[in-house]
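S.K.: give me a model of this one.
(chains A, B, C and D)
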There are 2 protein chains.
Amino acid sequence: MTSSGPAKRSRPVALPDGGLANEVLEFVWRRRTASRAEIARRTGRSRSTISEVVSRLLPTGLIEEVGSGESRGGRRPILIGFRDGASSILGMDIGAAHVSVALTDLRGRILEWRRRDHAVQADPRGTAALATELGEECLAARGTGSPRPMGIGVAVPSPVDPGSPYRILERILPAWHDFDLLGALRGRFGVPVFVDNDANLGALAEHHWGKAVGIDDFAYLKVATGIGAGLMIDGEIYRGATGVAGEIGHVAIDPRGPRCVCGNRGCLATFVGTRALVDRTRALLCDFPGSVLAGTVPDIRALEDAALADDPMALKVVREAARNLGIVIAGVLNLMNPGSVILGGSLARLGDRLIEPLTRAVAGRTLVASAAASEIRTSELGPRATALGAATHVLVAALANPALFPGVKA
Amino acid sequence: MTSSGPAKRSRPVALPDGGLANEVLEFVWRRRTASRAEIARRTGRSRSTISEVVSRLLPTGLIEEVGSGESRGGRRPILIGFRDGASSILGMDIGAAHVSVALTDLRGRILEWRRRDHAVQADPRGTAALATELGEECLAARGTGSPRPMGIGVAVPSPVDPGSPYRILERILPAWHDFDLLGALRGRFGVPVFVDNDANLGALAEHHWGKAVGIDDFAYLKVATGIGAGLMIDGEIYRGATGVAGEIGHVAIDPRGPRCVCGNRGCLATFVGTRALVDRTRALLCDFPGSVLAGTVPDIRALEDAALADDPMALKVVREAARNLGIVIAGVLNLMNPGSVILGGSLARLGDRLIEPLTRAVAGRTLVASAAASEIRTSELGPRATALGAATHVLVAALANPALFPGVKA
DNA sequence: CGCACTTTGTTCGGCAACCGAACAAAGTCA
DNA sequence: TGACTTTGTTCGGTTGCCGAACAAAGTGCG
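M.R.: Just a heads-up that it's a prediction; the model follows:
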């Protein structure tokens, strides 16, 4: 997986084989800063061992000594810090109708950001070219001295089979059949490329930088063109037996509901997708001549803005959506008992205007006290969440296997 | 945790600390029989290492040499076998209105079996006494020479918080508040005691001995007095953030349905629990004067028997139950993408008479092809499944930590 | 201020797990 | 029969990690 690419740079620094170097690296990353003695205490190893591992880790440039900490009654510790800027990561969000790219450091800080609308569904080659272009723009904007990123993460609006990640998108985007986006990116940038479903990566972003920090069991729901859930179980993304866990867009919530493209009746997607919300808004316009949207041809953004301005009609659409989402979320709570439920996608902008009716809808459908106790909240990561999650995926992979870091050899 | 009990038996045999002895033991258990060379190949260790570990494992009596295997072109291997009879386990199923106890060997074979009806809900002390009595009966029946079991597993019809397993049952059985069933059993038998929810343990039994052998992601639904699900994820029981995952009895499947004891409307439990099925049967009796049940006061067993005899009225009740179960199962499929769904509890006796309408109900509510591909099947473990699962829990714990085996010291 | 006590980080000798090479025993195949 | 394989054991060597000892650099009390 590690590309033995063309650039023969400074001699790779050897990393100890043992999982211990790994553990130490990840520990320092999490704590941001820690002394050798503290690492030893927390990992249960001796100070001598940690001292030796740290001394082998220092030349990699991933960690460094950053001054001294407070005394605990004796000699002051030398603090070891993680070098967030030691490398960078490209995170790409391939949406249904747009491509966006984030360049991040190793702490999830977005250094550069590009977004462009594009007919992704119909144009695989153009999409790959656009993703490459935006990625290069991000790298160039950081100056000529900036090295290659350590890896690329890609989010796609489709289930990804962990067994064969190259056969992505086909199911939802037939035009993509046989086009190898990942291979194109790897060829262009010469670094490892990782893919996953957008909802899964959104969940990952929340787990590291958002509302789910410290929570290892939660569900992330992304409401966008489609609806998907990312399930984090015991700190890891859960994919199910065949990689399609969380595909909740076609859960039936009303056997008497309208027919869906999938052939069934009353799917969640027929009530809460971007398309459905806009249609519903337009249908209601005649009943609400006083709405700020009256006389316009609203899109999803206009609907959200109107709701944020407390327009009664927009709020009615949101309440209906909340009720329908609530049915599904109640099912998730009863079945999986997550510690938290987090809503992402553009609808998350609505904050309490969405959460409040949603909480009511859920409360009427859950029994077990502790299940009902899981908080339901909106994401605050905004429109960059998915791309950030894609970058985070690369970071997580590297911390679990430091051989991925440039200039570090296992 | 290892009881340094009264009986001072033959000097404990020391087991190597390393996880390797563990790995070897579990490997031999799984394969039933294997040569040293094969263990070395499969675990990635050298033959010399494995040879040494095996030689230290042999005196524990957990494994033994059992003849020689087929040559692969050279010297014939000496086969190492796991001694299933090296110890025994007590598995106890505490139901809503009965107690049953199984004594098993280390291969899940039920050596002895006792079951008695009892007012569990109202009588904690009597229940503990009964469980003890049945356990002792099982042990006595194996002859005086039979040693103590290596541990006791207990299944309870209630969520179990993994953090504080002693506060069980309270939520569902208020009379049990402050009564320490586990402590009583440990005191009486002098061996470690483990508890878990009955549906979770049913899933464990299926995973080891039933329809889910080899499947690491599946859902087990137990239909009895209550309805519960045991979720196996990546080979481990999933408990959720607060230990109540799988409590699906109160998932709302019809907002216009009857009121439930929990205060909501249309809970699954109001349609499919033992009580609900019996009530529904009795209500239908007047419409089906020709039913074999006409003129009787049927219970759940009579209903199942009638369905097995293809009585139209009983089949109608089953079909309705299947439809309602199907709604919930469809939700499970869409959300979690399990590799299989297995139905347990007494209703599983019905086999295809239940599965066939159930499959139809589910098919109308799931989209993603691979999700719909998960097979739905009935358990074949019968009424002993839960007690067997409780015993299996102890076995799994011991294979992960051989110090639990009697006469083996870590 | 001086002195006893802590804590940190390093050095060094040693233990235990594990490996590879070598070998005898017990097979297969041409 | 002889060349080649595979198995299981022995034995010396490497390696990851520990504990003890120590110097450096603190704190706090009399």
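S.K.: could you measure from the residue in the stretch 51-200 of chain A positioned nearest to DNA strand C over to residue A:27?
M.R.: Closest residue of the stretch 51-200 of chain A to DNA strand C, Cβ to the nearest atom of the strand: residue A:74 (2.0 Å). (C-beta placed from N, C-alpha, C; glycine too.) Residue A:74 sits 22 Å away from residue A:27, taking Cβ to Cβ, to the nearest Å as the criterion.
S.K.: for residue A:99, same thing?
M.R.: In terms of Cβ to Cβ, residue A:99 sits 36 Å off from residue A:27.
S.K.: same deal with residue A:366?
M.R.: In terms of Cβ to Cβ, residue A:366 sits 37 Å off from residue A:27.
S.K.: would you mind telling me which of those two has more residues around it?
M.R.: residue A:366 (25 against 18; other Cβ atoms under 10 Å in any protein chain shown).
S.K.: tell me the contacts of the more buried one?
M.R.: For residue A:366, the contact set (Cβ atoms under 8 Å, 6 or more residues apart in numbering or on different chains) comprises A:330, A:333, A:334, A:372, B:250.
S.K.: pLDDT at the closest residue to residue A:381 other than its chain neighbours, what is it?
M.R.: Setting aside the residues directly before and after it, residue A:381 is nearest to residue A:210 in space (Cβ to Cβ, 6 or more residues apart in numbering or on different chains), at 4.9 Å. Predicted confidence (pLDDT) at residue A:210: the value is 98.
S.K.: so how far is DNA strand D from residue A:210?
M.R.: 33 Å (Cβ to the nearest atom of the strand, to the nearest Å).
S.K.: so the helix ranked longest in chain A, near chain B or not?
M.R.: Secondary structure of chain A read by DSSP state H shows that its longest helix is helix A:312-336. Yes: contact of helix A:312-336 with chain B (Cβ under 8 Å from any Cβ of the partner chain) involves A:327, A:328, A:330, A:331, A:332, A:334, A:335, A:336.
S.K.: follow-up on the earlier one: just to check, the residue nearest to residue A:381 is in contact with residue A:386?
M.R.: No: Residue A:210 is beyond contact range of residue A:386, at 11.9 Å (criterion: Cβ atoms under 8 Å).
S.K.: could you check which of the two has the larger neighbour count?
M.R.: A count of neighbours by other Cβ under 10 Å puts residue A:386 above the other of residue A:210 and residue A:386, at 30 against 23.
S.K.: tell me which element the more buried one falls in.
M.R.: In the assignment (DSSP states H and E), residue A:386 maps to helix A:385-400.
S.K.: list the buried residues in that helix.
M.R.: Using 16 or more other Cβ atoms under 10 Å in any protein chain shown as the test for burial, helix A:385-400 gives A:385-399.
S.K.: closest to DNA strand D among these?
M.R.: Once Cβ to the nearest atom of the strand is applied, the member of the buried residues of helix A:385-400 that ends up nearest DNA strand D is residue A:399, at 17.3 Å.
S.K.: once you drop chain neighbours, what's closest to that closest one?
M.R.: residue A:26 (4.9 Å).
S.K.: tell me which residue in the stretch 251-400 of chain A sits closest to DNA strand C.
M.R.: Counting by Cβ to the nearest atom of the strand, the stretch 251-400 of chain A gets nearest DNA strand C through residue A:400, at 21.4 Å.
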